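A.B. asks: Sequence first, then the predicted structure, then my questions.
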Amino acid sequence: MKYVLTGSFQYDLGIYGLKKILDFFEEEYETDGEYYIKVNKKPEEILELIILKLVYQKTPV
């Protein structure tokens, strides 16, 4: 899936959050460094990463 910045604050912030999660799990994605990221994952796989990140943040060390 390819996510492109649109100028919509909420949507673009969601893309930024997705990028942070992909970086956290060291997942590969394609980007031009400014306007888009392309992820070779299904939406449900992306959702699994988001849930794992939330669980990780809530787990005491």
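C.D. replies: Arrived safely, thanks for sending.
A.B. asks: which residues are contacting the worst-scoring helix or strand of the chain on mean pLDDT?
C.D. replies: Across the helices and strands of the chain, the lowest-confidence element by mean pLDDT, DSSP states H and E is helix 43-58, at a mean of 90. Contacts with helix 43-58, where a contact means C-beta atoms under 8 Å, 6 or more residues apart in numbering, come from 1, 18, 21-22, 24-25, 27, 39, 41. In short, each C-beta sits where N, CA and C put it, glycine included.
A.B. asks: Going through these, which ones are buried?
C.D. replies: 18, 21-22, 27, 39 (16 or more other C-beta atoms under 10 Å).
A.B. asks: related to what we said a few turns ago, so which of the contacts of helix 43-58 comes closest to S8?
C.D. replies: L18 (14.5 Å; C-beta to C-beta).
A.B. asks: That closest one: which element?
C.D. replies: Of the helices and strands defined by DSSP states H and E, L18 is found in helix 9-24.
A.B. asks: So what touches that helix?
C.D. replies: Here helix 9-24 has contacts from 3, 5-6, 27, 29, 31, 37, 39, 46, 49-50, 53, using C-beta under 8 Å, 6+ apart.
A.B. asks: Could you check it and say which residues are buried?
C.D. replies: Buried positions in helix 9-24, judged by neighbour count with 16+ other C-beta under 10 Å: 15, 18-19, 21-22.
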